[in-house]
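Enquirer: Turn this into a model:
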Amino acid sequence: MTTTTLAVLVPLLPFLGAVAGLLLGRTVPGLVRPLAVLPTLAALVIAVLVAARHGGGADIESATELTPTGSIPIELALHIDGFAALVAVLVGVVASCVQIYSTGYLRDDSRYPSYAALVSLFTSAMLLVVYSGDLMVLLVGWEIMGICSYFLVGHYWETPEARAASLKAFLVTKLGDVPFLIGLFALAVDTGSFRITTVLATVAGGGLDHPTLIALLLLAGVAGKSAQFPLHTWLPDAMAGPTPVSALIHAATMVAAGVYFVARLLPVFAVSAAAMVVLAVMAAVTMAGSALAAIAQDDIKRVLAYSTIGQLGYLTGALAVGDRGAAVFHLLSHGAFKALLFLGAGVIIHAAGTNSLAAMSRMKGLRDRVPDAFWTMTVALLALAAIPPFSGFFSKEAVLGAAEHAATGHSETAPVAAGWIVLVAGLLTALLTAAYATRLWLLAFNGRGPEAPDHGRQPVAMTSVLWVLAVPSLAFGLTVGALPKWFDGHSLTPTLTTSVLGTGFALVGGLVTYGAWRHTTALADRHPMGAVAADTGSGADGGLVEAEAIATHTPAYGDVAAAHDPADPGRLLLGPLHRHAAVGFHLDAVYAALFVRPVQAAAGLVRFLDREVVETYVRGAGTAPRWLGAAVRRAQTGNVQTYLSALLAGTVVLAVAAVLVATVGA
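Expert: Numbering: from 1, shown residues only. The predicted model follows:
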């Protein structure tokens, strides 16, 4: 079987699994789990085989015209380079782990068949984005992911939080997709093609007429899909969905799509220095702001959501300094340890079985009860904090090294200003990342909350995938010497300066947080605030407990400041900034004031004009003929004398009028 045929099967198999799951899931329940897991696993195996055949060598190209358009053709095209081959493997690994994990996490959920089918369709769409060689076909996968995300985030649709979160995710991402679509059309007009290879060849030949405009339009869509400032606000709220969905969206699929798109078309953005600086500023604000917000969150999943936003900021930062190899390296590394963190959080939720869900202020005694989650999440948090020799150290240092390279004027494509912006923000974020990672570890596994009921050992389907993902979280960085041949050939080996600075900042962040925790713990012991009663759930199933928690408006999904752990070091670290960081620096309130309320006011004005002005004229147009008809009807009496009198009067009036006209004429 040819490599092209195998590559076609990679997105096709999960799609067929999704269709079969939707058709047969309700009628043949025994097929639900095999249809969810087996096609995704088969796609992973084939993706590995495609990557092995590619071997970091020549790109794999194939195309056939989809339909005659009369102008710019749209083609079913494959374009598999080193980036695509490895990202497809990552998507397959994460999606397979999520599907296996979900068989235990949502085992008692009545809507599991539709959930599993949507996850398969989501996976198929992302694989289509990864392998597509045509921008219009890529857009199809891009939009399918958006609609799948809407349904998956709103899985617990009976709760207002889930409904609001799914709608917000859809609208915010669509806000970016509109200029994104315009940018794609503008790019195709300038280059004469939607084929990625043709676009890149035209750009290399200097054939792009409006580079800055096109780049900025495309960046709007990237900001929405990859949750970058200022379109990142949907991602923390998306935690209302099931935890495996959070792992899928936040690790290697939807949020990575925007970054992957920029990596694919980086020469288009590199033509415009202004676009690169805008990308750098967007990355810097995203990195630092999301890390500060993560320190102030009580819900473990919201901490991880803001963490995802910040790590995606590193990816866009690497692209802003012109190094897509470093960006995709960190994408691969981050995909593994972030999926592990979310799935580990799901195990914690499943074990705690409380309506307080993922509120770290209410966790206690979980270290011994969930040893699998404890050890694997420890590995993932060390990778997140970029502590050597874990994978995050190598990939994050590749980003910082690229920023230093650009800041010192050695980059051929990135402005020096972009290099300095990314470097300074990256080092600051390294400190903050280690701080919130340490805080999460301390509060989740050494918490002082109420003792939750023990619901027994977690399903093997859930714990086994944690160890699978722990392997790349620990050892993926060791591939740093082999990866350049898969990318652009640039070395990804950490440099001495950024390694010392980055690791030093991370250690300072971790140690300061640990010291703050010890201090607040001692204060809490001297001035106890009383125990918080545990709200026990109705069962051991994590998915059902999660739905109950959302429905009860607990701190995890309600007021972020409602729960107050006296031993929380975040309040001490942030001081007066804490209350602002806890609500995402009021960005939602700003959007409500700038956009939501004006739109609502305009809608109210239109409704008033429609009711009081337009309807008045419409009613008047019907009333006047009705009155005229009533008057004419009254004249029809049936009395012959009346008719003769009227005829005579009319004759007299006409005669008088004729005489007057004749007199005036004379």
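Enquirer: alpha carbons only for contacts and neighbour counts from here, please
Expert: Will do.
Enquirer: Local confidence estimate at the closest residue to V199 other than its chain neighbours?
Expert: In space, V199 comes closest to T191 once its chain neighbours are excluded; the distance is 5.7 Å by CA to CA, 6 or more residues apart in numbering. Turning to T191, the model gives it a pLDDT of 92.
Enquirer: From what I see, T191 and A204 are in contact.
Expert: No: T191 is not in contact with A204 according to CA atoms under 8 Å; the separation is 10.9 Å.
Enquirer: Looking at those two, which one has more neighbours?
Expert: Here T191 and A204 are compared on neighbour count by other CA atoms under 10 Å; more neighbours surround T191, at 20 against 13.
Enquirer: OK, contacts around the more buried one?
Expert: Contacts for T191 (CA atoms under 8 Å, 6 or more residues apart in numbering) come out as 198-199, 202-203, 207-208.
Enquirer: one more time with 10 Å, if that's ok
Expert: For T191, the set of contacting residues under the criterion of CA atoms under 10 Å, 6 or more residues apart in numbering consists of 72, 185, 198-203, 207-209.
Enquirer: shared neighbours of T191 and A204, anything?
Expert: Common neighbours of T191 and A204 are listed as T198 (criterion: CA under 10 Å, 6+ apart).
Enquirer: For the chain, which segments count as strands?
Expert: Under the criterion DSSP state E, strands of the chain are mapped to 60-67, 74-80.
Enquirer: can you list the ones you listed in CSV and add mean pLDDT, mean neighbour count and distance to D368?
Expert: Putting these into CSV (pLDDT from 0 to 100; neighbours: other CA atoms under 10 Å; distance: least, CA to CA, whole Å) gives the following:
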stretch, mean pLDDT, mean neighbour count, distance to D368
strand 60-67, 85, 14, 49
strand 74-80, 90, 22, 45
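Enquirer: TSV for those strands, including distance to L121?
Expert: Compiled in TSV, those are given as follows (distance: least, CA to CA, whole Å):
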stretch	distance to L121
strand 60-67	21
strand 74-80	19
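Enquirer: how much space is there between P389 and G481?
Expert: Relative to G481, P389 is positioned 14 Å away (criterion: CA to CA, to the nearest Å).
Enquirer: residues near the residue lying closest to A475 once chain neighbours are set aside, how many?
Expert: Taking CA to CA, 6+ apart, and ignoring the residues beside it in sequence, A475 has S391 as its nearest neighbour in space, at 6.0 Å. Residues lying near S391 (other CA under 10 Å) number 32.
Enquirer: Save the contacts of T191 as TSV, and put in neighbour count too.
Expert: Written out in TSV, the entries for those read as follows (neighbours: other CA atoms under 10 Å):
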residue	neighbour count
I72	15
F185	19
T198	16
V199	24
L200	19
A201	14
T202	17
V203	22
G207	15
L208	21
D209	14
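Enquirer: Sitting in helices, which of these do you find?
Expert: By the criterion of DSSP state H, membership of the contacts of T191 in helices covers 185, 198-203.
Enquirer: which pair in the residues you listed spans the largest distance?
Expert: Using CA to CA, the two most remote members of the ones in helices among the contacts of T191 are F185 and A201, lying 17.2 Å apart.
Enquirer: how about low-confidence regions in the stretch 401-550 of the chain?
Expert: Segments of the stretch 401-550 of the chain classed as low confidence (criterion: pLDDT under 70) are 449-456, 528-550.
Enquirer: would you list every one of the helices in it?
Expert: Along the stretch 401-550 of the chain, the segments classed as helices by DSSP state H, counting those that start in this stretch run 416-445, 460-475, 496-526, 542-551.
Enquirer: Deepest in the core, which of the ones you listed is it.
Expert: Scoring the helices of the stretch 401-550 of the chain by mean neighbour count under mean count of other CA atoms under 10 Å gives helix 416-445 as the most buried, with a mean of 25.
Enquirer: And it, what does it pack against?
Expert: Helices and strands touching helix 416-445, as assessed by 3 or more CA pairs under 10 Å, 6 or more residues apart in numbering; DSSP states H and E, comprise helix 273-295, helix 300-320, helix 324-352, helix 366-369, helix 371-384, helix 391-407, helix 496-526, helix 569-574.
Enquirer: could you dump the ones you listed to CSV with distance to I214?
Expert: Compiled in CSV, the helices and strands packed on helix 416-445 are given as follows (distance: least, CA to CA, whole Å):
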stretch, distance to I214
helix 273-295, 9
helix 300-320, 16
helix 324-352, 19
helix 366-369, 50
helix 371-384, 34
helix 391-407, 23
helix 496-526, 33
helix 569-574, 39
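Enquirer: where's L644 relative to M360, distance?
Expert: Taking CA to CA as the measure, L644 falls 98 Å from M360.
Enquirer: okay, these two: which has more neighbours?
Expert: More neighbours surround M360 than the other of L644 and M360, with 30 against 11 (other CA under 10 Å).
Enquirer: does that one really touch L443, like I thought?
Expert: Yes: using CA atoms under 10 Å, M360 makes contact with L443 at a distance of 5.7 Å.
Enquirer: re earlier: reformat the helices of the stretch 401-550 of the chain into TSV and put distance to V370 next to each item.
Expert: As requested, the helices of the stretch 401-550 of the chain are exported to TSV (distance: least, CA to CA, whole Å):
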stretch	distance to V370
helix 416-445	9
helix 460-475	9
helix 496-526	22
helix 542-551	14
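Enquirer: For K301, find the nearest of those.
Expert: Nearest to K301 among the helices of the stretch 401-550 of the chain is helix 416-445 (10.2 Å), distances taken as CA to CA.
Enquirer: any idea how far stretch 129-143 is from the chain center?
Expert: On the basis of CA atoms, centre = their mean, to the nearest Å, stretch 129-143 sits 17 Å off its chain's mean C-alpha point.
Enquirer: Output the below-cut-off pLDDT ranges for this structure.
Expert: Scanning the chain with the threshold set as pLDDT under 70 gives 251-252, 352-357, 365, 449-456, 528-566, 666.
Enquirer: Compute the distance between the one residue sitting closest to the centre of the chain and P236, please.
Expert: For the chain, V255 is the residue whose C-alpha lies nearest the centre (CA atoms, centre = their mean; 4.4 Å). Between V255 and P236 the computed distance is 12 Å (CA to CA).
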